[in-house]
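S.K.: What follows is a protein structure lacking sequence information:
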């Protein structure tokens, strides 16, 4: 009987936790919805960190982004500076579709990234080839951006493998700051 009670309690808790997940439908339309085409046009700088499954910060970084658009086709050229001295690049090729959603491709993205927005929120979902040491892993990225005002955006990304969260990435984007170049991260 105790096993049955434990199983029922576990099932109820699992249902409650899964019902707490957020979707785009949770955000209301607004007069000026978050449009990444408008926000990521020109130079943007961001600062971020990577936390493992236990919330320990493993890496910190700064990223310089230059967005260029031709009609509904855009390129986001990203240059990452990590606190361990690594410098890496990602070039997003983005297409805005007629329904307002986005398709995205990048060198380390498997297939097509799908982006949708509602109100001040934008969700980008994709598979990423992540190189760790001599190994390459495919992880699922659930990327959420929240526009705070016309200059600033917060980003939280959950990284998972086989449905289990393995890391989280947090970024703060700023278009207004006079610093348009990342400092040397080893000094921080």
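M.R.: Yep, it's here. All values derive from a computational prediction rather than experimental measurement.
S.K.: List the buried residues for stretch 132-141?
M.R.: 139-141 (16 or more other CB atoms under 10 Å). For every residue, glycine as well, the C-beta is placed using N, CA and C.
S.K.: Now do that stretch: distance to the chain's middle.
M.R.: Distance of stretch 132-141 from the chain centroid (CA atoms, centre = their mean, to the nearest Å) equals 16 Å.
S.K.: which residues does residue 140 contact?
M.R.: Going by CB atoms under 8 Å, 6 or more residues apart in numbering, residue 140 touches 125-128, 159-161.
S.K.: three-state assignment of it?
M.R.: When classified by DSSP: H, G, I helix; E, B strand; the rest coil, residue 140 comes out as strand.
S.K.: how far away is residue 33 from residue 183?
M.R.: Residue 33 sits 33 Å away from residue 183, taking CB to CB, to the nearest Å as the criterion.
S.K.: What of residue 113?
M.R.: Computed as CB to CB, the residue 113 to residue 183 distance reads 29 Å.
S.K.: how many other residues sit next to residue 80?
M.R.: A count of nearby residues for residue 80, using other CB atoms under 10 Å, gives 19.
S.K.: Residue 65 too?
M.R.: Neighbour tally, residue 65, other CB under 10 Å: 19.
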